[in-house]
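Q: got a predicted structure here, sequence first:
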Amino acid sequence: MIRDLVLHDWLVAGVALAAGAVAGLLLRGLLRWLGRHAERTRWRGDDVIVDALRTIVPWAALIAGAAVAATTLPLTGRVSGFVNQSLTALLVLIATLSAARVVAGLVQSVAGARTGVAGSATIFVNITRIVVLVMGVLVALETLGVSIAPLVTALGVGGLAVALALQDTLANLFAGVHILASKTVQPGDYIRLSSGEEGYVVDINWRNTVVRNLSKNLVIIPNGRLARTNMTNFTQPEQQLSILVQAGVGYESDLEHVERVTLDVVRSVMADVSGAVPDHEGAVRFHTFADSRIDFTVILGVGEFSDQYRIKHEFIKRLHRRYRAEGISIPAPTRTVALEPNMLQIPPSSPVPHQREASPSLLTDSGR
């Protein structure tokens, strides 16, 4: 038989609940201290774990205090079981949220470490977070005594209908997973599509690939389109690349001297300009007898795709200055047109249209 509640029961329950709250606050302060130390480490995973524990541990202490308080009260077996189940389900949900944050943070940390850039691939983060949350909700329902077998069956049937209705969305989802799994494109890569869009890959989420072009604008590309189109990745397999600059000198120039001067300018640019490759071996390749000059190609090295504009800018300025100092001419295209004297003929004047000769009779009459 359950006795009536007395003041002592309320006092004991209050003390237990207060003890849980105080323990939660103390543990939160301890974890905050650990978080400051975790920020000093080079691995980002400990920051994620400590941040998640700062959420679950204080709540776990408070729930434990509530459970102890419930045991001190003279509750019926049914009420006591319902309270225990509710507190357990609440703890499972809080643990699920914390686990989702931990797993998502670790996945993002691993993805960032593998790509070596500050960008993110949120498609993997979102998938892992959803999987963990769904599993946690199912466990919480099972703890409350709700049968999850019919729910799983209903989710399976409903999932088929949703899949048919969201074919494009699912196609983009699996295309994004395929792109990241095959490592053809990673956040931080500079890509150019056959349709003309180009820029740095900022993020690959469950539907789109976000690209930031050199003008700092974002270009949103569906994953399905990115997987089907022809694409050039200027970052893989190596971030450093060679660029070609076209130039030309007059026919009277000494080509050996031109090559020495040009390579000297290339070495100075590679050593002085930010974004260049200091150990790059420049090259000059003559290739065309043009109409007014001999054309050649200069090969330069750059650290990444966007550095080429600064390198070309500085190289052309220095090369032009050095050619002027060395007396090397860069002729402009010219064309000479020769005309023979007998070709200049003045066409005969054509008679005035509709003009008629005057008849003699008219002339005679007018003279009278």
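A: Structure received.
Q: please give the element, helix or strand, for G301.
A: strand 294-302 (DSSP states H and E).
Q: against which helices or strands is that strand packed?
A: Here strand 294-302 touches strand 241-249, helix 255-272, strand 283-289, helix 308-326, going by 3 or more Cβ pairs under 8 Å, 6 or more residues apart in numbering; DSSP states H and E. Any C-beta I mention is one placed from the backbone N, CA and C, and that applies to glycine too.
Q: buried residues, the last one. List them.
A: Of the residues in helix 308-326, those buried under the neighbour-count criterion (16 or more other Cβ atoms under 10 Å) are 308, 311-312, 314-315, 318-319, 323.
Q: now do stretch 69-87
A: Buried-residue list, stretch 69-87, by 16+ other Cβ under 10 Å: 69-70, 72-73, 75, 83, 87.
Q: and stretch 214-224, by the same measure?
A: Under 16+ other Cβ under 10 Å, the buried positions of stretch 214-224 are 221-224.
Q: and if you look at stretch 227-242?
A: Residues of stretch 227-242 classed as buried by neighbour count (16+ other Cβ under 10 Å): 227, 231, 234-235, 241.
Q: now the stretch 251-368 of the chain, which segments are flagged as low pLDDT?
A: Counting by pLDDT under 70, the stretch 251-368 of the chain shows low-confidence ranges at 334, 339-368.
Q: no wait, the stretch 101-250 of the chain
A: The stretch 101-250 of the chain contains residues with pLDDT under 70 at 106-124, 148-149, 151-152, 154-167.
Q: circling back to that earlier point, tell me the one of the buried residues of stretch 214-224 nearest L180?
A: Nearest to L180 among the buried residues of stretch 214-224, counting by Cβ to Cβ, is N223 at 9.6 Å.
Q: tell me the contacts of the closest one?
A: By Cβ atoms under 8 Å, 6 or more residues apart in numbering, the residues touching N223 are 171-173, 175-176, 179, 204, 207-209.
Q: identify the residue nearest K183 in space, chain neighbours excluded?
A: Q236 (7.9 Å; Cβ to Cβ, 6 or more residues apart in numbering).
Q: before we move on, what SS does that neighbour have?
A: Recorded secondary structure, Q236: coil (DSSP: H, G, I helix; E, B strand; the rest coil).
Q: and of the buried residues of stretch 214-224, the nearest to V92?
A: For the buried residues of stretch 214-224, the residue nearest V92 by Cβ to Cβ is N223; the value is 34.1 Å.
Q: relative to A69, how far out is the closest one?
A: Distance of N223 to A69, given as Cβ to Cβ, to the nearest Å: 52 Å.
Q: got the residue ranges for the strands in the stretch 51-200 of the chain?
A: Along the stretch 51-200 of the chain, the stretches classed as strands by DSSP state E, counting those that start in this stretch are 190-193, 198-204.
Q: so for G29, which of these sits nearest?
A: Across these, G29 has its closest neighbour in strand 198-204 (35.6 Å, Cβ to Cβ).
Q: contacts for that closest one, please.
A: With Cβ under 8 Å, 6+ apart as the test, strand 198-204 has contacts from 119-123, 176, 179-180, 185-192, 209-214, 218-219, 223.
Q: may I have it exported as CSV, CA atoms only?
A: The C-alpha coordinates for strand 198-204 follow below in CSV (Å, rounded to 0.1, in the frame of the first residue of the first chain):
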residue,chain,number,x,y,z
GLU,A,198,34.7,28.4,-63.0
GLY,A,199,35.9,29.1,-59.5
TYR,A,200,36.9,27.6,-56.2
VAL,A,201,34.7,24.8,-54.8
VAL,A,202,33.4,26.1,-51.5
ASP,A,203,31.0,23.3,-50.5
ILE,A,204,29.3,20.1,-51.8
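Q: the helix or strand just after that strand to strand 198-204, inter-axis angle?
A: Per DSSP H and E, the first helix or strand lying C-terminal to strand 198-204 is strand 208-212. For strand 208-212 against strand 198-204, the angle by axes from the mean of the first three to the mean of the last three Cα atoms, to 10 degrees is 130 degrees.
Q: partners of the very next helix or strand once past strand 208-212 in the sheet?
A: Reading on from strand 208-212 to the C-terminus, the next helix or strand found by DSSP H and E is strand 218-222. Sheet pairing of strand 218-222 (DSSP bridges) gives strand 208-212 (antiparallel).
Q: what comes into contact with the strand it pairs with?
A: In this structure, residues lying in contact with strand 208-212 by Cβ under 8 Å, 6+ apart are 172, 176, 179, 185, 191, 197-204, 218-223, 226.
Q: which residue, neighbours along the chain excluded, lies closest to Q246?
A: Distances taken as Cβ to Cβ, 6+ apart put T297 closest to Q246, at 5.9 Å, once the chain neighbours are dropped.
Q: how near is that neighbour to A247?
A: For T297, the distance to A247 equals 8 Å [Cβ to Cβ].
Q: brilliant, that's me finished.
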